[in-house]
Each structure stands twice: as structure tokens, then as C-alpha cells.
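1. Quick one, structure for this:
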Amino acid sequence: MDWVNNPYKSFKDMEPKSVMDMTLISNIDPVNIGLGSSEKGNANPSAKPRKKTMTSVYLKFFETAVDGKSRRCKFCGQSYSIATATGNLGRHLANRHPGYDKSGDVITNSAPLPISVIKKSQPQTKSNQVDYEHINWLVLRWLVSASLPPSTVDEKWLTNSFKFLNPFIQLWPREKYRSILNEVFRSMQEDVRASLEQVSSKFSITLDFWTSFEQIFYMSITCQWIDENWCFQKVLLDICHIPYPCGGPEIYQTLVEVLKMYNIENKVLSCTHDNSQSAIHACHTFKEHLDSQKVGPFCYIPCAARTLNLIIDDGLRTTKLVISKIREFVLELNASTEISEDFVQMSAAYQEGSWKFPLDASARWSGNYQMLDIVRKAGKSIDAVIRKYEDILDSRMLLTSAEKNAVGIMHQYLEPFYKTTNNICTNKVPTIGLVLFFMDNISETISTCRESRHSPDWLKSAAEDMAKKARAYNNQVCNIFIYLTAILDPRIKGELIPESLSSENFLEEARTHFIRNYSTSHFPSISTGYGAPEIEDGGSLSFAEEIARKKRRASMNTATDELTQYLAEDPAPISTDVLEWWKVNSTRYPRLSVMSRDFLAMQATSVVPEELFCGKGDEIDKQRFCMPHGCTQAILCIKSWMQVGIKLKFKSTEIDCDRLMELATSSATDTNANGSDKKQK
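-> The predicted structure is shown next:
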């Protein structure tokens, strides 16, 4: 088919392959998805239609009422007197249900219309007919993209809307949608697994958790790596239900099962978790498991974004009531064009800046800071608008001078935090080194507030709690692997690394790790990083070759290694693209670049920072919370996989939804054109 492509190959550059003929999928069990062909649906356009009487043409689309006095349309339920002429019935069908005459029989719920086989290479003597099963695949694609459960198709207004457009359209029952979604999930999962097997570098994984409205505890597992072209890659592995009691052992068991299924258990270098004790326990158990198998190093990292969010919440606690009051005012501004226009005019008159609506009123950090910002910069305009619309806006929204003063102090104090979160959210690759660089500045900001005699007591009290969380985070990330990841960022190296990580012992351990695991990785016959040396031709090493390899290692260990040379050079500017820098300099540091591909894939956050700090995360949380258990895994995984370029696939067949949409659009255009021609005649 034009919408069936070759099997999935990679995450990038996967344009649909042009196919001249539509192929057939036959005997698909247990679910017949209607992607076959039929002589009935492929009627010869040159054949003359069978001549029928007026009664046989129109009356079969109407049913007679029990009292025998009226006829009711089988499509829309419109009633007519039994004495109504058949010509009026025909006009009703033509006006209300165009296309009713394209089939010889009234469509029933028992069997969908067959799909026509369309061949591009053959000239079209008649406009293409809509293949109604295509509609169901487009509906399935819509359910996935909108994160809607299959039960959505049970909504009568949705099905009636389709029937109003075309009475022959029959949506699959929700059980069929659910069955096909599960099969699509399994098919696409196999493609993800096959792609990961081709990756030569180490993987970093991240864990995220949430609880649905059904009180089901879920964990998402995402995998990251840097490919050979120095492009950052990310793919969702699975969304798993964590069984009761949802603790560390259950998380660990589920994690191991997923990694084994993808055959990457021994290639995971790090895991970034959500800072919960259960996740820490699971990661610690997984580390012990890997250490017992001696498959290489593994470390687990707390989420910097969640830590920073908790730190900011401590800072905001004294102004939360004021922020809530201002949020009510901002919501009224967003809801009323008249009030918002007056606010814009007043802020211009008072020279209090320009404001773009709707303002961010989310309960996340971006929205909270917006509340502080609007009070700080447009206090006079707020008061003027509240007084003008006192019949709509409650006068309690007016802030006292003490409240405004507190907002001003908090706004100034938290401004570096806002700039930090904004930088982390907008950075293309927020490496651990860069995030630690910012977190170190946050610690200094908190320390300055605590030590300043100008800081009010209420702010110092908040800063004390903020400092505790910052210290706890710094203690958790103080290890050799975090140090390695930080110095391999060419913008950070040893000069901008936090003081807590600046240790001579770490530097020596880093050099030892590099020499032991990566110093010979550019010799294909010697080693490829972790694991046993590769043996050429499947045989054992000769005695002479063993001596030669020992000599090579000795000379490498005694000479100035690449790590020392790399650290001796000045750091790159902060604006440098880290992956592009290593792509350009990998020829200068062939062995060190291999280690950099592994370690720079380690994640500083367990979630995308925008989802935590910005309002866009609200929609994601709502979708996760409202999704019923029976389809959460399939729909959310399929949606994520399609977003990174993996094709929708049913068993061995790719479903090209874009091509299906083109066919539907083309058919609708042809139908409209034919209708216009008939009217002109």
C-alpha cells in the first residue's frame, strides 16, 4: 500500500519509502484490522449501475413506524409522513447524507466496508472512494496523540458526528482499538529493542514516578545515549505498573525485567532517580547486582531539578498567601479582554512595562515567579485596575505596603533562581557539569542571604531550610563518576568544578579509570571499552601478541595521557555546544572521546526540566493522572516513540498515517468537485 513502508531502521531520517502498489495484509488474527482488499470495494468503474425503481432506491433507507403513519430515516432519525413522496425522501438523503448511493446496501454494524486497493501507476477514471477502515486508523492515531483511552469511541456524539459526515463510517468497538493498540505496542517495542542493540556506547537511564486516579503507581524508564555522530538520543523504554507495596524491592525487580527485555542490563552506566527513598533503595540494590557480576561501574544520581524545585518552595513559603491572592487577580485578567486591555493601558501610562496575555498563572515555579514579577514591576497598575473593577474584582486583592515590600525582597532574592531554571530549561544538553556549576552558584546565593545583616529574619529562616537541601544534594553527588562527568564537559573541566568535587584523589582516580578502561579503545583488536579483549579470527592470542600489547599499555601509561593534555587546556566558553566540541576534537582525543560519549550521556535530571518548572508540565500530569490502567502503557509509550521518529507499526507492517490522511483529503476534494459539477449541470 502507499501507506505501508519498509520495517523501521533507526530513530532518524525515516522518510516513508514510495511504493507504487498497495499491498495486502491477509489473515491477520486475532484481530482483523481491515487492511485487505475486496472485489466489492474494487468495483469496475466502467460497469453500468443496476437500474432500480424509485421505491427500491429510497425507501430501503427509511423504516416504517409501528403505527404505520410515518417513516424514519435510518441515518439521522428524521420522520416523514407515510404519504410523503419518494422524491422528498430522495432530496433528504442527497442533502443530509451525501454519498448514501455509493453502496448497494445499507451499511450495518456487523461488518465494516472493505478497503479498496489504490494503485498510483494506473490512471484514475473515477474519483477515489474513501476506504472507511482508514478512518479507524486515523482515529487510533488521534487517540494516541491526544492520550485518550479507547473508551472515547463509545461517546455517542463522536460516532454521530462521523455518521453525519458519512453514514457508512463505522468506528471499531473499543475492545478492538485496545487489542490493536497492544499489538502496535509490542511491534514498535521490538523495533526499539533492535535499534538499541546497535548502540556501541553506554546508556544512561532515568526514572520518573506518578500515581493515577485509580491509585495505581507507575514508573517510566527512559534511556539516553550519545551516538557516533555526537547526537544526543533518548527513547522511552517502558511505563510500568509497580505492584503493592510499591517500595524499593518492587521498583528494582521491575527495572531489571525491563532492562533484560531490551538486553541492555550490562550496558547501563548510570541511573538518575526522583530523590525518593524507594528509588534510592532500588538503585542501590541494582548497583550491588551489577558489582557482583563485575560488568563495569554504575552510579545513581539524585534529580537536580527536583532538588532545586524543593529549595525554591522553601524560599516561597513566606509569600505563598500573597502569591495566591495575585494569582486570582491574574486569572481574572486572562479571562477578560476588557480588564486586560485596561491593565495594558495603565501599565503603559505608569511606565510599568509591557505585558503579553495570557500571563503564566500556573502553580509551578514559572507561574509563581510571574506573580512576584507583576507585583514588583506593575504595582500601581494592579491597584488601579482593582479599584476600577471593584464590582468584579474583590477589594481583598489589594496588597498592603508590607505585602508589597515582602514581595520585592523575595523577587530580588529569587531572581538568580529564576535565571538558573530558565537556563537549564533552554540549554540544548544540560550536562551534569553545567548543572553542578549552576547549583554551586545557588548554594553561594543562599549562603550570602544567611550571612547578610540586611536580610530580614523571615528570609534567613527560609534560607536555612534551603541550605539544608542544597548540602544534602551536594553530598549525594560527591563521587568519582560525577567528577568524571563534570570535567569531561569542555566548558567546566577543573576550573569551574564545584569546590566539593575539587579533589586530588578524584583526579587520580579519574586518570586510573581512563587508563584501565579506555586507554586502548582506539585499537580495535585490543579492547572496546569495558569487558574482555576482542580476539581476532575467533582464536586465542599468540605469545608474541600478548607481549606486544603489554608493551603498548606500558608506553601509554608512562606517556602524557590524553586526559592530562585535555585538562591542561583552557575551558571552552560557556556558550559552546558540548557535543559539537567533542565531534570536532575527537580526532585529537580518540580515547578520551570514547569515554566522553559514555559519561556525558549521564543525566542531571530525571525529568525534562520544563515539565517540572513550567506550566507545560500540567498537561502531562493531567494525562497521566486520568489515563485508565488498561491502556496507559500502550498509549503513552506509542505516543513517545512516534515523537522520536519511530513509525506506527502493526506486526510487520508500518502504518503511514500521513499517507492515509492524504488519501482521505484527496477523496474529499474529488467528492466536492463532483458535487459542484452536478450542481452546475
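2. low pLDDT regions in the stretch 501-650 of the chain?
-> 520-560 (pLDDT under 70).
3. Now do the helices in it.
-> Along the stretch 501-650 of the chain, counting by DSSP state H, counting those that start in this stretch, helices occupy 504-518, 543-558, 562-568, 578-585, 590-599, 609-613, 616-626, 632-643.
4. Quick one: list the elements packing against the fourth one.
-> When you say that, I think you mean helix 578-585. Counting contacts by 3 or more CB pairs under 8 Å, 6 or more residues apart in numbering; DSSP states H and E, helix 578-585 packs against helix 590-599. Every residue, glycine included, has its C-beta placed from N, CA and C.
5. Just the buried residues of the helix it packs on, please?
-> Within helix 590-599, the residues scored as buried using 16 or more other CB atoms under 10 Å are 591-599.
6. what's the spatially most distant residue from the centre of the chain in contact with, if anything?
-> The outermost residue of the chain, judged against the average C-alpha position, is residue 83 (60.0 Å), by CA atoms, centre = their mean. Shown in contact with residue 83 (CB atoms under 8 Å, 6 or more residues apart in numbering): no residues.
7. hmm, back to that, which one of the buried residues of helix 590-599 is nearest to residue 171?
-> Set against residue 171, the nearest of the buried residues of helix 590-599 by CB to CB is residue 597 (47.4 Å).
8. And the closest one, how far from residue 567?
-> Noted for residue 597: a distance of 18 Å to residue 567, by CB to CB, to the nearest Å.
9. what's the answer for residue 461, then?
-> Distance from residue 461 to residue 567, by CB to CB: 42 Å.
10. quick one: contacts for the residue nearest to residue 471 when sequence neighbours are not counted?
-> Of all residues not flanking residue 471 in the chain, residue 443 sits nearest, at 7.8 Å (CB to CB, 6 or more residues apart in numbering). By CB under 8 Å, 6+ apart, the contact set of residue 443 is 467, 470-471, 474.
11. 10 Å instead, please
-> Counting by CB atoms under 10 Å, 6 or more residues apart in numbering, residue 443 touches 311, 466-467, 470-471, 473-474, 498-500.
12. likewise residue 455?
-> Contacts of residue 455 (CB under 10 Å, 6+ apart): 409, 413, 448-449, 461-463.
13. Can you tell me the SS state at it?
-> Secondary structure state of residue 455, per DSSP: H, G, I helix; E, B strand; the rest coil, is coil.
14. Would you check how far apart it and residue 624 are?
-> From residue 455 to residue 624 the distance is 39 Å (CB to CB).
15. Equivalent analysis for residue 562, please.
-> Counting by CB to CB - residue 562 and residue 624 are separated by 44 Å.
16. can you check residue 360 too?
-> Between residue 360 and residue 624 the computed distance is 21 Å (CB to CB).
17. same thing with residue 572?
-> From residue 572 across to residue 624, the span is 39 Å (CB to CB).
18. Can you show me the strands along the stretch 51-200 of the chain?
-> 62-64, 70-73, 79-81 (DSSP state E, counting those that start in this stretch).
19. which one of those strands is the most hemmed in?
-> When you average the neighbours per residue for each of the strands of the stretch 51-200 of the chain (mean count of other CB atoms under 10 Å), strand 70-73 leads with a mean of 18.
20. other SSEs contacting it?
-> strand 62-64, strand 79-81, helix 86-96 (3 or more CB pairs under 10 Å, 6 or more residues apart in numbering; DSSP states H and E).
21. Pull up the pairing partners for the first one, direction included.
-> Put plainly, it is strand 62-64. Strand pairing for strand 62-64, determined by DSSP bridges: strand 70-73 (antiparallel).
22. quick check: angle from the longest helix that the chain contains to helix 616-626?
-> As assigned by DSSP state H, the longest helix anywhere in the chain is helix 401-426. Calculated by axes from the mean of the first three to the mean of the last three CA atoms, to 10 degrees, helix 401-426 forms an angle of 80 degrees with helix 616-626.
23. Alpha carbons only: can I get the very next helix or strand once past helix 401-426 in CSV?
-> As assigned by DSSP states H and E, the chain's next helix or strand after helix 401-426 is helix 432-451. C-alpha atoms of helix 432-451 as CSV (Å, rounded to 0.1, in the frame of the first residue of the first chain):
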residue,chain,number,x,y,z
ILE,A,432,25.9,17.3,34.9
GLY,A,433,28.9,19.6,34.8
LEU,A,434,26.8,22.6,33.8
VAL,A,435,24.1,21.9,36.3
LEU,A,436,26.6,21.5,39.1
PHE,A,437,28.1,24.8,38.0
PHE,A,438,24.7,26.4,38.5
MET,A,439,23.8,24.5,41.7
ASP,A,440,27.1,25.8,43.2
ASN,A,441,26.1,29.3,42.4
ILE,A,442,22.7,28.6,44.1
SER,A,443,24.5,27.5,47.2
GLU,A,444,26.5,30.7,47.3
THR,A,445,23.4,32.8,46.9
ILE,A,446,21.8,31.0,49.8
SER,A,447,24.9,31.4,51.9
THR,A,448,25.1,35.1,51.2
CYS,A,449,21.5,35.6,52.3
ARG,A,450,22.1,33.8,55.5
GLU,A,451,25.2,35.8,56.4
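24. between helix 432-451 and helix 578-585, how big is the angle?
-> Computed by the same axes, to 10 degrees, the angle separating helix 432-451 from helix 578-585 equals 130 degrees.
25. in whatever helix or strand comes next after helix 432-451, what counts as buried?
-> Using DSSP H and E, the helix or strand that follows helix 432-451 towards the C-terminus is helix 457-476. Neighbour counts over helix 457-476 (16+ other CB under 10 Å) mark 459, 462-463, 465-467, 469-470, 473-474 as buried.
26. Let's have those in JSON lines, adding distance to residue 394 and pLDDT.
-> Conversion of these to JSON lines gives the following (distance: CB to CB, whole Å; pLDDT from 0 to 100):
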{"residue": "459", "distance to residue 394": "29", "pLDDT": "95"}
{"residue": "462", "distance to residue 394": "28", "pLDDT": "95"}
{"residue": "463", "distance to residue 394": "33", "pLDDT": "96"}
{"residue": "465", "distance to residue 394": "32", "pLDDT": "95"}
{"residue": "466", "distance to residue 394": "33", "pLDDT": "97"}
{"residue": "467", "distance to residue 394": "38", "pLDDT": "96"}
{"residue": "469", "distance to residue 394": "36", "pLDDT": "96"}
{"residue": "470", "distance to residue 394": "38", "pLDDT": "96"}
{"residue": "473", "distance to residue 394": "41", "pLDDT": "96"}
{"residue": "474", "distance to residue 394": "44", "pLDDT": "94"}
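27. related to what we said a few turns ago, what's the farthest-apart pair in the contacts of residue 455?
-> Across the contacts of residue 455, no pair lies farther apart than 448 and 461, at 15.6 Å, counting by CB to CB.
28. For residue 407, list the residues it contacts.
-> 319, 322-323, 326, 371-376, 379, 399.
29. Which pLDDT value goes with it?
-> We note a pLDDT of 95 for residue 407 in this prediction.
30. Same question for the one 10 residues further on.
-> pLDDT for residue 417: 97.
31. Ok, residue 402 next?
-> Confidence at residue 402, expressed as pLDDT, is 94.
32. Distance check, residue 332 against residue 385.
-> 9 Å.
33. who has more neighbours, the two?
-> residue 385 (24 against 20; other CB atoms under 10 Å).
34. Work out for me the element that one sits within.
-> Counting by DSSP H and E, residue 385 is found in helix 379-388.
35. Send me that helix as PDB with only the CA atoms.
-> Output in PDB follows, covering the C-alpha atoms of helix 379-388 (Å, rounded to 0.1, in the frame of the first residue of the first chain):
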ATOM      1  CA  GLY A 379       2.100  47.500  41.500                       C
ATOM      2  CA  LYS A 380       0.300  50.800  40.600                       C
ATOM      3  CA  SER A 381      -1.400  49.300  37.600                       C
ATOM      4  CA  ILE A 382      -2.700  46.400  39.700                       C
ATOM      5  CA  ASP A 383      -4.200  48.800  42.300                       C
ATOM      6  CA  ALA A 384      -5.800  51.000  39.600                       C
ATOM      7  CA  VAL A 385      -7.400  48.100  37.800                       C
ATOM      8  CA  ILE A 386      -8.800  46.500  41.100                       C
ATOM      9  CA  ARG A 387     -10.300  49.800  42.100                       C
ATOM     10  CA  LYS A 388     -11.800  50.400  38.700                       C
END
